[in-house]
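K.L.:
below are the sequence and a predicted model for it; my questions follow.
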Amino acid sequence: MDSLITSLFGVEEASSLRLSLEDDEQFWLDGRLTAGSQAAEVKRNRQLSPVCPTAMKAVQCVKDALCANPLIKTYALIKKVHGVMFSRCDPGDGYGLHVDNPFTKEGRRDLSFTLFLSDPSQYEGGALRIQGLQDSSEHRLLPGQVILYPSSSLHAVDGVNRGRRIVCVGWIESHVKSSEDRALLFNLECGARGLLARHGRSDELDLIYQAYANAVRRLAN
């Protein structure tokens, strides 16, 4: 599994969050200030200053929601959520193909996430495009939906042609660095949970959970 899409907030909650962020116009700064030299050449957006009081409160809200979501916890094996920020693209803005830096002073970047806050009917363009080996996937999600994907992926934000696209982006340092190992563990735990729901607890299922726990111990960094 290369990516995970799920609902983090309800539509109304996400829309309310977006409206509160839009009110702080003076805190929206040139996004190139946080980009590396290569990425800055293809980055055109605005990002909410981390010293903005509304942003600080919203960042913590997103972090708490990610760490409390059972599906995300299983998929990401979260050690730390960091670098959370809010990004805005107006007409003419976008972010060309790039790969995220592997490390920051806050932690390792194993997984990237984008939480969509704007209704896709209110803007044109602005799809998150994630490049695979032979093709790419494009995503314009509903408000409150989040996508997580390996930070090693080439990805881009298509240019916005109309309206305004506001999202929350950030990174996760996982207890397990390898995306292949995380996928193996995710499938194992999801399968075990499915068996538990269908058939109840059993000695055989205990062995599966034992194998899962010990696999996490072996693969954790």
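P.N.:
On my side now, so go ahead.

K.L.:
quick one: the helices in the chain?
P.N.:
With helices called from DSSP state H, the chain shows them at 11-22, 37-40, 53-68, 70-76, 179-199, 203-219.

K.L.:
any idea which of those helices gets closest to Pro120?
P.N.:
Comparison of the helices of the chain against Pro120 by Cβ to Cβ identifies helix 11-22 as nearest, at 11.5 Å. C-betas here are computed from N, CA, C, even on glycine.

K.L.:
and the contacts of the closest one?
P.N.:
9, 48, 54-55, 58, 61, 86, 115-119, 142-144, 164, 166 (Cβ atoms under 8 Å, 6 or more residues apart in numbering).

K.L.:
what angle separates it from helix 53-68?
P.N.:
Calculated by axes from the mean of the first three to the mean of the last three Cα atoms, to 10 degrees, helix 11-22 forms an angle of 150 degrees with helix 53-68.

K.L.:
and helix 11-22, what's buried?
P.N.:
Ala14, Ser15, Leu17, Arg18, Leu21, Glu22 (16 or more other Cβ atoms under 10 Å).

K.L.:
now tell me which helix or strand of this structure has the poorest mean pLDDT.
P.N.:
helix 37-40 (a mean of 81; mean pLDDT, DSSP states H and E).

K.L.:
going through the contacts of helix 11-22, which ones are buried?
P.N.:
Looks like the contacts of helix 11-22 have 9, 48, 54-55, 58, 86, 115-119, 143-144, 164, 166 buried, using 16+ other Cβ under 10 Å.

K.L.:
among these, give me the pair with the biggest separation.
P.N.:
Spatially, the most separated pair among the buried ones among the contacts of helix 11-22 is Ala55 and Asp119, at 20.8 Å (Cβ to Cβ).

K.L.:
and Cys168, what does it touch?
P.N.:
Ala58, Val62, Val84, Met85, Phe86, Ser87, Thr114, Leu115, Leu117.

K.L.:
distance-wise, check it relative to His199.
P.N.:
39 Å (Cβ to Cβ, to the nearest Å).

K.L.:
same question, Asn161
P.N.:
52 Å.

K.L.:
chain center to the longest strand that the chain contains: distance?
P.N.:
As assigned by DSSP state E, the longest strand anywhere in the chain is strand 78-89. Its chain's average C-alpha position is 7 Å from that of strand 78-89, according to Cα atoms, centre = their mean, to the nearest Å.
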